[in-house]
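In: can't give you the sequence, but here's the structure:
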């Protein structure tokens, strides 16, 4: 009968290529959980945005639209497309381009008559955001 000590000696004497790998990596062909598809932006969601009083105020103020486009461009450049976590928020706030774009956008929204701290505006934005939420979240 072979003892564990004898098996260990045999195993150590085997050529390196004959030894089984210590760790294997399994590749998955399934989609990661964090991946999602944007919903169809037509129909109810687009109509809800167009009919909202906040959107109407912003649409009438071209400087607010430009500031919003600039802010969106900065967010894309900084690759902050989804809702950022605490660490990413700290990185964004430390970025001077982000601070300037958000400050300009807030000022232009005020000029357009949109108070971002108003509970009514916050509630309206939340209800519209729910329409654009990815399925399954």
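Out: Cool, got the structure. Fair warning: this is a prediction, and the values are worked out from it, not measured in the lab.
In: show me where the chain has helices.
Out: The residue ranges that make up the helices of the chain, judged by DSSP state H, are 4-13, 44-51, 53-59, 62-77, 86-94, 96-111, 119-132.
In: Can you give me the buried ones in the last one?
Out: For helix 119-132, burial by neighbour count (16 or more other C-beta atoms under 10 Å) applies to 121, 124, 128. For every residue, glycine as well, the C-beta is placed using N, CA and C.
In: same check, this time on the fifth one
Out: Within helix 86-94, the residues that count as buried by 16+ other C-beta under 10 Å are residue 92.
In: okay if I get the helices of the chain as CSV plus mean pLDDT?
Out: Conversion of the helices of the chain to CSV gives the following (pLDDT from 0 to 100):
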stretch, mean pLDDT
helix 4-13, 71
helix 44-51, 74
helix 53-59, 84
helix 62-77, 86
helix 86-94, 86
helix 96-111, 91
helix 119-132, 81
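In: related to what we said a few turns ago, any chance of TSV for the buried residues of helix 119-132, columns distance to residue 78?
Out: Formatted as TSV, the buried residues of helix 119-132 follow (distance: C-beta to C-beta, whole Å):
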residue	distance to residue 78
121	25
124	26
128	23
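In: out of the residues you listed, which one sits closest to residue 56?
Out: Proximity of the buried residues of helix 119-132 to residue 56 (C-beta to C-beta) peaks at residue 124, which lies at 11.3 Å.
In: can you pull the contacts of the closest one?
Out: Counting by C-beta atoms under 8 Å, 6 or more residues apart in numbering, residue 124 makes contact with 52, 53, 54.
In: can you tell me how far residue 128 sits from residue 55?
Out: Counting by C-beta to C-beta, to the nearest Å, the gap from residue 128 to residue 55 is 8 Å.
In: Next, show the common contact partners of the two.
Out: Once C-beta under 8 Å, 6+ apart is applied, the residues that residue 128 and residue 55 both contact turn out to be residue 49.
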